[in-house]
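# Show me how the following folds:
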Amino acid sequence: MRNHHLSISKAEGDDIRFEARLQDTAFTPHRHDYYTLALTLKGVQSFNYRGARQQSLPGEAVILHPDELHDGKTVTEEGFIYRSISIDPHQMQQCLGGTPLPFIEGGICRDTLLLQTLHRGLADLSRPLEKLEHQDIVFDLSQALRQAAGQREKASPVDSQATFRAREYILANWQYNLKLEELEQVSGQDRFKLSRDFRKLLGTSPYRFVIQRRLQKSLTMLSQGRSLADTALDCAFADQSHFTRQFRQAFGMTPRQWQKALLQ
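Predicted coordinates for the structure are as follows:
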């Protein structure tokens, strides 16, 4: 007798990200009024989409356009596992600046930039996304989707003064849970235009700029012999594991390894 199994684990404090595990079971045909971007982690994810049967393998992404009928089922005994994020098309449209919503033919995407961005948004389901982090991921996914769909970004002049005002505000408030609405207010520029200009002028996104400021502060604290737990707390990371993950991504080693090497 075969086991029918479906389990869904939502991210902590987060309604738009989850991990699903399916074994010998299926979703009946249905549709959403939002984008679904799902990263296949294990097994073969099979689904009908726009009149054709599609299959997503590990490392590929399933991109379901709003209001498109689709299903989902297992095709191997081991089933499949995927992580998914849902995005309101209105949020995405604000990031795109009035261009048509990107459409991925066949619903399967292997674009490197989109996969990297999706990995970043789905890597940690143990904590809710910070407000600015969520806005940052939606913006980056919007741009990556546009590129994957072959659409070009509209050229527009940058507002350097607004960008630098936002930068100064971040430098003074990196320890708080910032959001684009605050940066919009202090800079005097539309938040989505500001988000685009920030990347163009400073080479990084507002959220990643915040994280780098926290990490720079952590280097000072670690060099003073402070504990990892205290450093993570004082530098506004969600917890020690979040701090360690961000530190490794930035410096290629864990904070404990860095501190040990420094104090030798």
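
# All the strands of the stretch 101-250 of the chain, in order from the start?
Ranges of strands in the stretch 101-250 of the chain, per DSSP state E, counting those that start in this stretch, are 108-109.

# Leaving out sequence neighbours, find the closest residue to residue 75.
Excluding its sequence neighbours, the residue lying closest to residue 75 (C-beta to C-beta, 6 or more residues apart in numbering) is residue 46, at 4.6 Å. All C-beta atoms are positioned from the backbone trio N, CA, C, and that covers glycine.

# Do I have it right that the one you found meets residue 74?
Yes. Between residue 46 and residue 74 there is a contact at 7.2 Å, judged by C-beta atoms under 8 Å.

# So the two - more neighbours on which side?
Summary of the neighbour comparison: residue 46 and residue 74, criterion other C-beta atoms under 10 Å, with residue 74 having more neighbours (20 against 17).

# can you pull the contacts of that one?
Residue 74 is in contact with 22, 23, 24, 25, 26, 43, 44, 46, 80, counting by C-beta atoms under 8 Å, 6 or more residues apart in numbering.

# same check, this time on residue 94
So, once contact is read as C-beta under 8 Å, 6+ apart, residue 94 ends up touching residue 192.

# Backbone dihedrals for residue 17, both of them.
As for residue 17, its main-chain torsions (degrees, to the nearest 10) stand at phi -120, psi 140.

# ok, now how distant is it from residue 133?
12 Å (C-beta to C-beta, to the nearest Å).

# isn't residue 184 right up against residue 190?
Yes. Using C-beta under 8 Å, residue 184 is in contact with residue 190, at 6.5 Å.

# Pretty sure residue 254 sits against residue 247.
Yes. Taking C-beta under 8 Å as the definition, residue 254 is a contact partner of residue 247 at 6.4 Å.
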